[in-house]
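Need a 3D model of the sequence below.
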Amino acid sequence: MSELISTDPCTGETVWRGATADAASVDAAVGRARAAQPMWERTPLEKRIAILRAYADRVNERAEDVARLISRETGKPFWETRTEAASVAAKVEISIAAQAERAGETQREAGSFSLALRHRPHGVLAVLGPYNFPAHLPNGHIVPALLAGNTVVFKPSELAPATAELMGKLWRDAGLPDGVLEIVQGGGETGKALAGHQGTDGLLFTGSSTTGRLLARQFAETPGRILALEMGGNNPLLAWDIAEGDLDAAVALIVQSGWLSAGQRCTCARRLIMQDSLADALIDRITGTLDRLIVGAPFDEPQPFMGPVVDNRAANMVQQRVTELLAIGGNPIRPLDRRDAALPFLSPALIDMTGIDTAPDEEIFGPVVQLWREADFSAAVARANDTRFGLSAAMLGGSRAQFDNFRSATRAGVVNWNRPTNGASSAMPFGGIGDSGNLRPSAYYAADYCAFPVAGMEAPALEGALGTGLRA
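Numbering: from 1, shown residues only. Now for the predicted structure:
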C-alpha cells in the first residue's frame, strides 16, 4: 500500500498521513460491511435512532475540533467550518423526520385484507465524498443510509482524510457496531475499486459531473444497483428591475452567490446576467465590495470572507480556465490574482463576457463569475438557461410574474427569488438535473434513495376466489 498525506493548503504542513486502501483492502471493507448488514437491518429502528442521536451529541461535543480540522484540511474560514459542524449534527433529526414521512410503514384495511407499505434498505451502499464540505456532504448520505438499515463503505476525498477519520471515531464513540461504517482512504484508484465493486448494492456520489457521467455509464450495466449523483452546475443569477434603494441588498446576494467558500460550492453563481440599464450601478457596487473582501487563512483575525481554494492543483486549473476566457475576448473587470505562486490563494474575479457566445458551458470551481449584460428580459432568461447543467438558479428583483416566467423556463433543482443561488434548506430536497444530477435529490429526499418500497396485500386467513371459467 502507498501512503496518503493530507496537507494544510495555507501552510503546507502535514495534517494527516496513513495507508492508501488498495483493491484488496476495499474488498475486505465491503466484506465486513456485508457481514454486518443483516444484523444492522434487524436492529430495531428505535435503537438505530438512539445511536444516530448519540452521534449527533458526540459531534456537538467536539464541534470546535471538527471545525478546526476541516479548516486545516480545506483552508475554509473557521467561521464557515463551525457552521458545517453544526449542520453535521443537525442532519440527524432532519433525517429521522424525513424517514418517517417518506420511507416509513403504513397499513390500511381494504375489506377482508389490508394494504401494507414498508421500506427495505438496499444493503451495502458505497459513498464517495467531496473535499469542499468533507463532513457535511458525505454525512448527508451516510446518516439516512444508516437510519434505513444499510451499512456503508465510505471513501472520502483524498484531500480531507483526517476529517473522515474523526467522523468515524465519533460514530464509534456513539456505539455504532463494527462493520456498519467502513472507511477506505485513497485517491482515484481506491474510488474506482469501490465504485466498481459488485459486492455493493449502490453508490451515493457527490462530486464533479465528469466523474458522475463515468459512473452513470458504469452503473448502466447493473440496473439493480441504486446510483445517486449529486454534481456541480454552471449556475445563473439574473438581476432585473431592481429599485435604486435595493441595489446594495442585491449586491450582497450577488457576492454571497458568487464568491462564498472561494467559489467552491456546487451552487455558487457562475454566470451573472444583469439588465443592461442596471449594469453600471451594480458593477460599481460589486467591485467596491470585492475590493473590501478579506482573503486569508482560516484562523486569521479579523476572520476572512473566504480562504484559498483547496490546493495548488485546483488553483492552477482555475487560472487556466480564466486564461481561456480572456483568450476568447473576456474583459477582466476584476482580474484573478494569485498573490503567491506557491499557495492557492486567489482573488475574487469578475469577467465581462457580454457579446461572447463561445464561452464554454463548464463549471469553474473557484472564485470566478462571468458577466453578461442583456437589454431584453426574454433574452436574459434564455441566456440564463443556456446550459447543460441544472442545479441552481436565482433571480434578484423583478415582479412575481417575471419570476414565474424565469422559474417555469428554468430546468434546475433549486430556483430562488431574492435569495442567493447557494441558499438551500436541509428541510427540502436538494439536487439537480442534466449534468448536475440523475433525479435522485438529496437532503430531505435522501430517504427516497436509501431504501426501496415493498408493497403488500395481507390477509389473516386463506380466501380463495378463482371466479368464473371453471368446468363443472
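
quick one, helices of the stretch 51-200 of the chain?
63-74, 78-102, 136-148, 161-173, 188-195 (DSSP state H, counting those that start in this stretch).

most tightly surrounded among those helices?
Mean neighbour count (mean count of other C-beta atoms under 10 Å) peaks for helix 136-148 among these, with a mean of 26. Quick note: C-beta positions are derived from backbone N, CA and C, even for glycine.

what angle sits between that one and helix 161-173?
Angle of helix 136-148 versus helix 161-173, following axes from the mean of the first three to the mean of the last three C-alpha atoms, to 10 degrees, is 30 degrees.

Quick one: residues in contact with helix 136-148.
With contacts defined as C-beta atoms under 8 Å, 6 or more residues apart in numbering, helix 136-148 is touched by 40, 45, 48-49, 52, 84, 87-88, 91-92, 95-96, 98-99, 103, 119, 121, 125, 127-130, 152, 154, 156, 164, 167, 176, 180-181, 204, 206, 228, 230, 442-443, 446-447, 450-451.

Residues contacting the lowest-mean-pLDDT helix or strand in the chain, please?
Within the chain, no helix or strand scores below strand 106-110, which has a mean of 91 by mean pLDDT, DSSP states H and E. Strand 106-110 has contacts (C-beta under 8 Å, 6+ apart) with 114-117, 457-458.

Partner strands of that strand and their direction?
Strand pairing for strand 106-110, determined by DSSP bridges: strand 113-121 (antiparallel).

Where does pLDDT dip in this structure?
Scanning the chain with the threshold set as pLDDT under 70 gives 1, 465, 467, 472.

Pop the domain breakdown of it in here.
Listed by automatic domain parsing, the domain ranges of the chain are 3-231+437-457, 235-417.

So which of these is nearest Ala424?
domain 235-417 (5.6 Å; C-beta to C-beta).

sorry, back to before: let's have the helices of the stretch 51-200 of the chain in JSON lines, adding distance to Pro304.
What follows is the helices of the stretch 51-200 of the chain, written out as JSON lines (distance: least, C-beta to C-beta, whole Å):
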{"stretch": "helix 63-74", "distance to Pro304": "11"}
{"stretch": "helix 78-102", "distance to Pro304": "9"}
{"stretch": "helix 136-148", "distance to Pro304": "20"}
{"stretch": "helix 161-173", "distance to Pro304": "20"}
{"stretch": "helix 188-195", "distance to Pro304": "31"}
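
all strands of the stretch 201-350 of the chain, in order?
Remark: strands assigned in the stretch 201-350 of the chain by DSSP state E, counting those that start in this stretch are 202-206, 226-230, 235-240, 269-275, 331-334, 349-352.

List the neighbouring strands of the first one plus their orientation.
Looking back up the chat, that one is strand 202-206. In the sheet, strand 202-206 lines up against strand 124-128 (parallel), strand 226-230 (parallel) (DSSP bridges).

Mean neighbour count, these: which tops it?
Sort the strands paired with strand 202-206 by mean neighbour count, taking mean count of other C-beta under 10 Å, and strand 124-128 sits at the top with a mean of 27.

Any idea how far that strand is from the middle of the chain?
Remark: strand 124-128 is offset 15 Å from the chain centroid, using C-alpha atoms, centre = their mean, to the nearest Å.

likewise stretch 130-147?
Offset of stretch 130-147 from its chain centre (C-alpha atoms, centre = their mean): 9 Å.

nearest to Phe345, of the helices of the stretch 51-200 of the chain?
Phe345 sits nearest to helix 63-74 of all those, at 13.2 Å, using C-beta to C-beta.

just to revisit the earlier point, CSV please, covering the contacts of strand 106-110 and showing neighbour count and distance to Pro144.
Output for the contacts of strand 106-110, formatted as CSV (neighbours: other C-beta atoms under 10 Å; distance: C-beta to C-beta, whole Å):
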residue, neighbour count, distance to Pro144
Ser114, 14, 28
Leu115, 13, 25
Ala116, 14, 22
Leu117, 14, 18
Met457, 9, 28
Glu458, 10, 27
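
Can you tell me which of these comes closest to Val368?
Ranked by distance to Val368 (C-beta to C-beta), the contacts of strand 106-110 are led by Leu117 at 47.6 Å.
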